[in-house]
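J.: Kindly return the folded structure for what I paste below:
(one chain, ligands or ions: 1)
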Amino acid sequence: MTETARPPSPADTDLLGLLAQLDTLIERHLPAAGPGATRAPPETLQRVLADLPVPIVCFDPPHGHATRSLNPRFTELFGYTLADIPSLTAFAAQALPDAAERAQVLQAWEAGFARLRTAGGTMAPGEYRLRCKDGSTREVRICGQIVADRVLIAFMDLTVQKRMLAELRLSERRHRLLADHAADVIWTLDLAGGLTYISPSIERLTGYTPQECLQLPLEALFAASSWSRLEQALAQARADQRAGRPLQIPPLELERRCKDGTCVWVELTMSAITDGDDRCVELLGISRDICARKHAEAQLQQARAAAEAATRALQAANAELRELATKDALTGAWNRRYFEHTAAAERTRAQRHGTPLSLILLDIDHFKAINDRFGHQAGDAALVALSALVRADLRRSDVLARWGGEEFALLLPHCDLQGAACVAEKLRAELAAATFATIGSLSASFGVGQLRPGETLDAWIKRVDDALYAAKHAGRNQVVIAGAEDAPVEPVAGALRLIWKPTYACGEPRIDQEHRELFSLANALIAAAGNPDSLLPALEAFMTHAVAHFAHEEAILRERGYADLAAHAAAHRRLIEHAQGMRAQAEAGAIGVGELVEFLYRDLVARHLLQEDARFFGLFSPSAPPSASSRPH
Ligand SMILES: Nc1nc2c(ncn2[C@@H]2O[C@H](COP(=O)(O)OP(=O)(O)OP(=O)(O)O)[C@@H](O)[C@H]2O)c(=O)[nH]1
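T.: Numbers count the residues shown, from 1 in each chain. Next up is the predicted model:
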């Protein structure tokens with residue numbers, strides 16, 4: 001049993017008030033004062049006490065502290081009846097089983113009673129743990145008072161409150177212990193932004209003690225950018241609180257200032273502490289040290305950047321290697337290995353789709369002499385300049401490769417023999433006309449060949465190489481067409497000419513005669529191309545003959561019942577219209593005269609003869625029936 005000396009509580013006031021009322025009540029029921037009148041009749045006292053709502057026992061000090069009375073509330077509380085506790089000593093013996101404690105308490109009570117008797121008033125309240133009759137214990141607060149020579153002791157049962165208080169204290173201690181020893185920093189913040197608690201772990205994290213943190217403004221505890229983000233979050237929390245919305249504060253990653261001036265990264269999570277009305281009164285926060293994570297993230301970022309840089313370097317190195325593996329270092333043209341690989345792939349494609357594919361081999365004439373005369377370096381420069389000059393004339397799909405030494409190869413996808421012959425002739429003329437640094441002029445010889453159906457790559461290259469050899473043999477600075485028996489376009493004495501061959505005759509004498517005339521008019525036109533004086537008459541003569549010939553040819557074919565006459569006549573119309581359109585453009589300066597001439601001799605004459613006209617050749621063969629239709633050439 002313990003007694004706590006402390007100022008009277010509201011409960012004490014109640015107890016003392018009750019005793020004062022009791023005093024009056026008992027006085028009123030007792031007989032008038034006089035000898036023997038100090039003792040109220042037991043039944044009277046019993047009756048008075050019985051109605052009281054608090055447990056009360058009444059002892060009679062002059063008579064060995066005999067128990068005079070106790071009320072039902074007392075028996076309800078402790079289980080004792082008057083018979084169980086005939087005196088204060090008997091009560092103490094039961095309620096205070098520990099002898100030493102009992103002696104101490106009894107002595108205090110005796111002294112208290114003595115003081116009451118001499119000085120009056122009430123006995124100082126005290127709290128005790130008393131044993132009940134059933135062995136359980138009760139936490140009580142008692143107050144004593146002398147009433148008519150007797151000591152009345154009133155009890156207030158504090159058992160439940162004390163247990164709750166003890167549990168509350170324990171819980172509080174537990175939470176404080178958790179907060180104090182947590183590695184994370186736990187803190188509470190009022191909505192105005194003032195810290196109300198911060199756990200000791202803050203010192204380990206920032207060097208600031210909790211006391212220092214509580215004294216500093218919150219702003220001083222965060223890096224500037226982090227503070228503005230926290231300030232925003234707090235403003236949002238206040239707005240939510242005012243609007244009666246539940247607080248939802250997302251976790252923030254912030255930099256906290258340390259006492260030594262450095263900063264540490266923390267992840268800050270906050271939640272609301274609410275009152276009974278669910279209103280937020282404070283914010284509970286946890287700051288977790290995420291420096292290690294941030295460091296790891298930074299390292300990861302660095303590692304990623306390093307990996308990306310390494311990948312880029314690798315890609316660059318690979319590109320360089322690819323370049324080295326596929327390009328000729330001096331001229332930048334593709335090397336022979338790449339060319340052979342590409343030519344094989346293009347050959348397969350051309351044969352699968354039936355598209356034309358042509359090859360030009362070009363070899364600089366007397367290059368040894370150039371080297372000998374001007375030096376190897378000048379020779380190198382000439383090779384570089386030549387390859388740049390050739391490249392400038394090519395389509396994107398064309399492939400220029402250095403075949404070796406002073407020899408180049410040119411692969412021309414979707415280009416037929418006539419087209420390739422024109423390209424070669426153009427290059428020849430350009431190279432011959434160009435001026436090269438140090439060495440001045442040079443010339444080159446060309447072999448040209450279109451891939452034949454089923455021809456192997458080696459056979460094709462060999463055929464074109466033979467043509468190149470033939471060009472050298474024939475005096476250099478010229479184009480030779482490989483296997484040119486089918487091609488009407490041939491270079492003659494350094495320039496292109498249409499060459500009439502017996503195979504171009506269809507058997508109809510009037511048509512064949514007009515075709516021959518068309519060939520010679522085209523050649524006259526080619527020859528006149530560089531001379532404005534003779535160009536116009538040549539062009540007039542050519543066009544007049546072409547228009548007349550087409551009309552005449554159509555009449556003959558109609559006579560012979562040519563089934564594809566309509567398509568053939570349409571092809572004639574297109575050619576004439578296109579030629580007239582180009583002529584108008586040439587006259588307006590929108591295209592060069594060369595382009596017009598090239599179209600006339602190549603498309604209107606050579607191609608049309610070999611492709612469109614060849615279809616009706618069968619009409620005029622000796623075995624053909626009079627109404628024979630077209631046959632493929
Ligand atoms: N400057 C220079 N010369 C080269 C290079 N590659 C090969 N040559 C030279 O090119 C010359 C080729 O000589 P030839 O094969 O006799 O042929 P050519 O003198 O051009 O005579 P033709 O081809 O018959 O007209 C040799 O002198 C080689 O040394 C190179 O990369 N740079």
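
J.: Can you tell me which residue of the stretch 201-350 of the chain sits closest to the ligand?
T.: Using CB to the nearest ligand atom, residue 330 is the residue of the stretch 201-350 of the chain that sits closest to the ligand, at 5.7 Å. Using the backbone N, CA and C atoms, a C-beta is placed for each residue, glycine as well.

J.: Next, the contact list for that residue, please.
T.: 380, 383-384, 402 (CB atoms under 8 Å, 6 or more residues apart in numbering).

J.: So which of those sit within strands?
T.: Using DSSP state E, residue 402 are the members of the contacts of residue 330 that sit in strands.

J.: what does the stretch 351-500 of the chain have sitting close to the ligand?
T.: Within the stretch 351-500 of the chain, the positions adjacent to the ligand are 363-369, 371, 376, 379-380, 383, 405-406, 472, 476 by CB under 6 Å from any ligand atom.

J.: Can you turn the buried part of those residues into a PyMOL selection?
T.: PyMOL command restricting those to the buried ones, with burial defined by 16 or more other CB atoms under 10 Å:
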select buried, resi 363+364+365+367+371+379+383+406+472
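
J.: List just the nearest of the residues of the stretch 351-500 of the chain next to the ligand to residue 336.
T.: residue 405 (10.7 Å; CB to CB).

J.: My read is that the closest one contacts residue 371, right?
T.: No: using CB atoms under 8 Å, residue 405 is not in contact with residue 371; the gap is 10.3 Å.

J.: Residue of the protein closest to the ligand, please.
T.: Relative to the ligand, the nearest point of the chain is residue 379 (2.6 Å; CB to the nearest ligand atom).

J.: where does this structure have low pLDDT?
T.: Where the chain drops to pLDDT under 70, the residues are 1-45, 484-496, 530, 622-633.

J.: returning to that earlier point: quick check: chain neighbours aside, which residue is closest to the residue of the chain closest to the ligand?
T.: In space, residue 379 comes closest to residue 371 once its chain neighbours are excluded; the distance is 4.3 Å by CB to CB, 6 or more residues apart in numbering.

J.: Can you pull the phi/psi pair for that neighbour?
T.: phi -60, psi -50 (degrees, to the nearest 10).

J.: how close does it sit to residue 443?
T.: Distance, residue 371 to residue 443, using CB to CB, to the nearest Å: 15 Å.

J.: same thing with residue 102?
T.: 137 Å.

J.: Give me the three-state assignment for residue 268.
T.: At residue 268 the chain is in strand, as set by DSSP: H, G, I helix; E, B strand; the rest coil.

J.: Look up how far residue 234 lies from it.
T.: 11 Å.

J.: sorry, back to before: the residue nearest to residue 379 contacts residue 380, doesn't it?
T.: No: judged on CB under 8 Å, residue 371 makes no contact with residue 380 at a distance of 9.1 Å.

J.: ok so residue 67 is a helix residue?
T.: No: in this structure, residue 67 is strand, not part of a helix, as judged by three-state DSSP.

J.: which residues touch it?
T.: Contacts of residue 67 by CB under 8 Å, 6+ apart are 57-60, 82, 85-88, 90-91.

J.: Which pair of the residues you listed spans the longest distance?
T.: Within the contacts of residue 67, 58 and 90 form the most distant pair, 14.1 Å apart (CB to CB).

J.: quick one: which of the contacts of residue 67 sit in strands?
T.: Using DSSP E, these in strands are 57-60.

J.: if we can go back for a sec, separation between the residue nearest to residue 379 and residue 104?
T.: Distance from residue 371 to residue 104, counting by CB to CB: 129 Å.

J.: Show me what the one helix or strand residue 368 maps to is packed against.
T.: Per DSSP states H and E, residue 368 falls inside helix 367-374. On a contact count with 3 or more CB pairs under 8 Å, 6 or more residues apart in numbering; DSSP states H and E, helix 367-374 meets helix 376-392.

J.: what comes into contact with the helix it packs on?
T.: Contacts of helix 376-392 (CB under 8 Å, 6+ apart): 330-333, 362, 364, 367, 370-371, 400, 402, 406, 408, 410, 427, 430-431, 434, 436-439, 442, 444.

J.: From the residues you listed, which land in strands?
T.: 362, 364, 400, 402, 408, 410, 444.

J.: can you give me the strands in the stretch 201-350 of the chain?
T.: 252-257, 263-274, 280-289 (DSSP state E, counting those that start in this stretch).

J.: buried ones in the shortest one?
T.: Within strand 252-257, the residues that qualify as buried are 252, 254-257, counting by 16+ other CB under 10 Å.

J.: quick one, helices of the stretch 401-550 of the chain?
T.: For the stretch 401-550 of the chain, the helices defined by DSSP state H, counting those that start in this stretch occupy 417-433, 457-473, 509-528, 532-559.

J.: closest one to residue 603 among the ones you listed?
T.: Per CB to CB, nearest to residue 603 of those: helix 417-433, 9.0 Å.

J.: Tell me the residues of this structure that contact the ligand?
T.: Residues of the chain lying near the ligand (CB under 6 Å from any ligand atom): 330, 363-369, 371, 376, 379-380, 383, 405-406, 472, 476.

J.: If we use 8 Å, what do you get?
T.: Proximity of the chain to the ligand (CB under 8 Å from any ligand atom) is limited to residues 330, 363-372, 376-380, 382-383, 404-407, 445, 472, 476.

J.: Tell me who's in contact with residue 516.
T.: So residue 516 contacts residue 500 (CB under 8 Å, 6+ apart).

J.: what angle do the lengthiest helix in the chain and strand 252-257 make?
T.: Among the segments of the chain that qualify as a helix by DSSP state H, the longest is helix 291-326. Counting by axes from the mean of the first three to the mean of the last three CA atoms, to 10 degrees, helix 291-326 lies at 110 degrees to strand 252-257.

J.: for helix 291-326, the distance to its chain's centre please.
T.: Mean-position distance between helix 291-326 and its chain equals 18 Å (CA atoms, centre = their mean, to the nearest Å).

J.: buried set for that helix?
T.: Result for helix 291-326 [16+ other CB under 10 Å]: buried residues residue 294.

J.: likewise stretch 423-431?
T.: Across stretch 423-431, burial judged by 16+ other CB under 10 Å covers 423-425, 427-428, 431.

J.: what's the domain layout of the chain?
T.: What automatic domain parsing lists as the domains of the chain is 10-163, 182-289, 329-498, 502-620.

J.: Mind listing residues that contact the helix holding residue 368?
T.: By CB under 8 Å, 6+ apart, the list of residues contacting helix 367-374 from outside reads 364, 378-379, 382, 405-406, 438-439, 442.

J.: if you set the cut-off to 7 Å instead, what comes out?
T.: 379, 382, 406, 438-439, 442 (CB atoms under 7 Å, 6 or more residues apart in numbering).

J.: Same question for stretch 275-284.
T.: Against stretch 275-284 from outside (CB under 7 Å, 6+ apart): 188-191, 196, 237, 241, 247, 270-274.

J.: and what of stretch 466-474?
T.: The contact list for stretch 466-474, computed with CB under 7 Å, 6+ apart, reads 361, 363, 445-449, 478-482.

J.: Most widely separated two among the contacts of helix 367-374?
T.: Farthest pair in the contacts of helix 367-374 (CB to CB) is 406 and 438. Separation: 15.6 Å.
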